[in-house]
Structure formats: structure tokens, C-alpha cells
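Undergrad: My questions are about this predicted structure, shown below with the sequence.
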Amino acid sequence: MQNIIKSIQEELDAMLSGHFIPYYKVAIGLAAIVALIFSIVLSHGSVFEGKIAVIDLDGSNYSTELISKINTSSYIEVSEVIRSPVNPITLVSHDRNLGVLYIPKGLEKSLKKGDQTVRLGYFSDDTNEAQNAKVLQNLNEYIPELGAELSVGKVSSLGFGREGTEATLSPMQLKSRNLFNPASSSTISTIIYFVYFFSSLTYGLTSLMIIGRLKITGMWNTVLERGFVALLARTIPYALFYTTGLTLITAVLVLFGQLRFDGNYFVFVPSIFMTGLAFGWLGFLLSWKTNNPGEGASKMIFLVPPGFIMGGSTMAVGIMPIWAYYVSHAFPLVWLFRFFRDIAMRGRSPIDMMSTYGMFIIYLTVIAFVVMIVFNQVKKPAAQPELN
């Protein structure tokens, strides 16, 4: 126990010395700055007034009226109308538009005759599918409604009544409801992920430099004498500041109504601290053979970014094959994002989270066991001359 306490004190002294990263400041300061900047930049949770171009080959009064109605609908802005055939690729190049709506020739004539269904086309710039989500959703809802308006007079003359007319024109509808982010708040969907990501980057960088720092300052032999538990304990101060920083910023966002946190935060806090331990211990393994802090810092690409990419913040988890889903849990940030979604967004209870916490404890135990094996392999050769 004395060795563990000494190791923790040495890390605190290193933080306060001014010669190494002042993580106690970075943990809180960076999280606050990231939350502030991205709250301003990403003030909208989705693309509002997404620009689309229209190729109108009909050029009729109705097509002009249709374009005007689409332009006044939510999330869509008609940026330009082309009256002649043109390659839609040129209209979406350089992020000029999110897509191109195609109105075929003979639209008004076909609608008045009512002898066949007229199909409008939409060329979607799917280089970033998320940008077109609201545009496509609104077009799919709005175009059928406008079409139904033309048929109301014809169907109502049959004497079906208002409800019968609606049932004839639209016999089946789908109404959707967003369960966890009905207002499309970017704080829930994007900003909080960036706060956790950048905070993890600085902590990961710090943990990757510990081994090199111990070696270059001549403390490595002392570390070997104290045992691997004392080495693991060196991450405790950093994990505490990591937890404190994220907790303070999350609390601020919740108190000011910028973040929806539906579960019990005290159920969530242990997952942050455990993630901090995982980052530190994996950082030891990745930087084990380094001889200076700079070498350890170069390993950052293997520690934090994979978890951000595969943790459900940049893409849907369901996109990955099942084996990749399980492999992704080798990265600590994946666990943190998983806990956040279940507790903060879905409001799961402590009992519901017991199995996930159990798996996370097994994960930490495996990492600690690997550190112990690597530590003992290094310690034996170092102790060999003393035995002789």
C-alpha cells in the first residue's frame, strides 16, 4: 500500500512540477473549450434550409408553383432552377447543393389528365448521407401530399366524405417519433461526443508518455521494485481528473438545458473513471518499450481515435459486421459511448447496467493481467544480476 501511495504522489508531483503536461488544468479546461466552441459551431442538430437545385423540363405554371411550395417547406431551400437538361453532378460539385430535384416534361399535362402516375426524380449527393437525411424525408412526405391535393376534387365527387376521401388517396401512412432526441439537438448527438473525444485525446497522450518519462528520469528501476500494482495505481490521479473534467462540463450542459440526461448520473460516473483506468493501462502496454515521452506520444493513433470511429459517434454501429462490433470493444472510448447512450439517452436503471459493468470489469481485469505479464517479463531480467 505504501508503494501505491508513493506512486500516486509522484504522478501528482509530476503534474504540478511544470515540466510535464499539467493534466489537472487540461482535463477541465479543454473539455470546457471544446463544449463552448462546438456548441456555437454546431448550433443546429441537422441541416436547416438544405440547398437543392431543380431541373424543371416542364416549365409550366404548375411546376413553378410546385417549386415555390417546396422552397417554403422546412429544411429545404431551392437555390437555383434550370430549365434545360444538365448533368446533376455539376450542380452538386464543390458542395454547391445537397441534391437535384428533376421535374420531367409533361408534368402538368399528365396530372390534369390523371391517366398515369408522374414520377419526379431526386439525385442525392450521397458523399455524405447525413446531409440529405432531412431533405429526403421532407420530399418523401411533401411530394405525395401535393399530389393528393390534385385528386381531392375528383375523389370527393364520388361521395366518400372527408375521411373516405383521405382513405382512398392515402390508405396507409407511417408516422414516426424520435425516442431520444426529438428536437435534433446537436449537443446530444455530436457535441458531447467531441467533448469526450478531445478529453480522451489529451489523457491518452499523457498516459502514453508516463513510461518514457519514468525511464528518462531514472525512476524505472524503482517502479520495477514496487511491483505492477503500484504502476497501475499511477493512472488513478489522471483518471480522477478525467472524470472530474467530464462531469463538470456535462453538469453545466445539463443545468443550462443544453443536454438531455435521462438516467442517474451517479450510475454513469464509474464508467468514466473505469474508462480512464483503461486508457492509462492500455497506454502502458502501447508505450512499454519506449525510452522517452515523445516515443510514447507517437502511439496515440492506436489508443483513442479507433474508439471514436467505431463507438457510434461517427457512424451507425449496425454498419459494422458482427466480428468488428466485438473487436471494437478493445478500445476504451467505445465502452464510454455505450454507457452514455444507455444511461444518459435511454435512461437505463442501475440493474439494467449491471451486465455491462460486469463485462467492463472483465475487460479491465484482462488488461491488468496483460500488464502484469509484461511487467514480470521485464522485472525478471532486471533482478537476475542481484541473484548472481
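TA: Received it, and whenever you're ready, just let me know what you need. Residues are numbered from 1 along each chain as shown.

Undergrad: Are we agreed that residue 376 is in a helix?
TA: Yes - checked against DSSP: H, G, I helix; E, B strand; the rest coil, residue 376 lies within a helix.

Undergrad: Look up how far residue 227 lies from it.
TA: Distance of residue 376 to residue 227, given as C-beta to C-beta, to the nearest Å: 10 Å. Using the backbone N, CA and C atoms, a C-beta is placed for each residue, glycine as well.

Undergrad: So for the two, which sits in the more crowded spot?
TA: Neighbour totals were compared for residue 376 and residue 227, and residue 227 leads with 17 against 12 (other C-beta atoms under 10 Å).

Undergrad: Surely that one touches residue 6?
TA: No - in this structure, residue 227 is not within contact of residue 6 by C-beta atoms under 8 Å, at 11.6 Å.

Undergrad: residue contacts, residue 343?
TA: Shown in contact with residue 343 (C-beta atoms under 8 Å, 6 or more residues apart in numbering): 263, 264, 265, 267, 268, 271, 353.

Undergrad: Out of those residues, which sit inside helices?
TA: Here DSSP state H is the test, and the contacts of residue 343 give 265, 267, 268, 271, 353 as lying in helices.

Undergrad: Could you identify the buried members of these?
TA: Among the ones in helices among the contacts of residue 343, those scoring as buried are 267, 268, 271, 353 (criterion: 16 or more other C-beta atoms under 10 Å).

Undergrad: How about the contacts made by the third one?
TA: To tie it back to what came earlier, the one meant is residue 271. 335, 336, 339, 340, 343, 357, 360.

Undergrad: Just among those, which is most surrounded?
TA: Compared across the contacts of residue 271, residue 336 has the highest neighbour count, 27 neighbours, by other C-beta under 10 Å.

Undergrad: As TSV, the ones in helices among the contacts of residue 343 with pLDDT would be great.
TA: Formatted as TSV, the ones in helices among the contacts of residue 343 follow (pLDDT from 0 to 100):
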residue	pLDDT
265	92
267	94
268	95
271	96
353	93
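
Undergrad: Quick check, central residue of the protein?
TA: Closest residue to the average C-alpha location of the chain: residue 313 at 1.8 Å, with C-alpha atoms, centre = their mean.

Undergrad: Distance-wise, check that one relative to residue 306.
TA: From residue 313 over to residue 306 (counting by C-beta to C-beta), the distance is 12 Å.

Undergrad: rewinding a little: closest to residue 327 among the contacts of residue 343?
TA: Nearest to residue 327 among the contacts of residue 343: residue 271, at 20.1 Å, using C-beta to C-beta.

Undergrad: Of all the residues in the helix or strand hosting residue 195, which ones are buried?
TA: Element membership of residue 195 [criterion: DSSP states H and E] is helix 192-208. Judged by neighbour count (16+ other C-beta under 10 Å), helix 192-208 contains these buried residues: 192-208.

Undergrad: Using PDB, write out every CA atom in that helix.
TA: The C-alpha trace of helix 192-208 is given here as PDB (Å, rounded to 0.1, in the frame of the first residue of the first chain):
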ATOM      1  CA  ILE A 192     -20.900  15.600 -26.200                       C
ATOM      2  CA  TYR A 193     -19.100  13.000 -28.300                       C
ATOM      3  CA  PHE A 194     -16.500  15.600 -29.300                       C
ATOM      4  CA  VAL A 195     -16.100  16.700 -25.700                       C
ATOM      5  CA  TYR A 196     -15.400  13.100 -24.600                       C
ATOM      6  CA  PHE A 197     -13.100  12.500 -27.700                       C
ATOM      7  CA  PHE A 198     -10.900  15.500 -27.200                       C
ATOM      8  CA  SER A 199     -10.700  15.000 -23.400                       C
ATOM      9  CA  SER A 200      -9.700  11.400 -24.100                       C
ATOM     10  CA  LEU A 201      -7.000  12.600 -26.600                       C
ATOM     11  CA  THR A 202      -5.200  14.700 -24.000                       C
ATOM     12  CA  TYR A 203      -5.500  12.000 -21.400                       C
ATOM     13  CA  GLY A 204      -4.300   9.300 -23.800                       C
ATOM     14  CA  LEU A 205      -1.400  11.400 -24.800                       C
ATOM     15  CA  THR A 206      -0.500  11.900 -21.100                       C
ATOM     16  CA  SER A 207      -0.700   8.200 -20.300                       C
ATOM     17  CA  LEU A 208       1.400   7.200 -23.300                       C
END
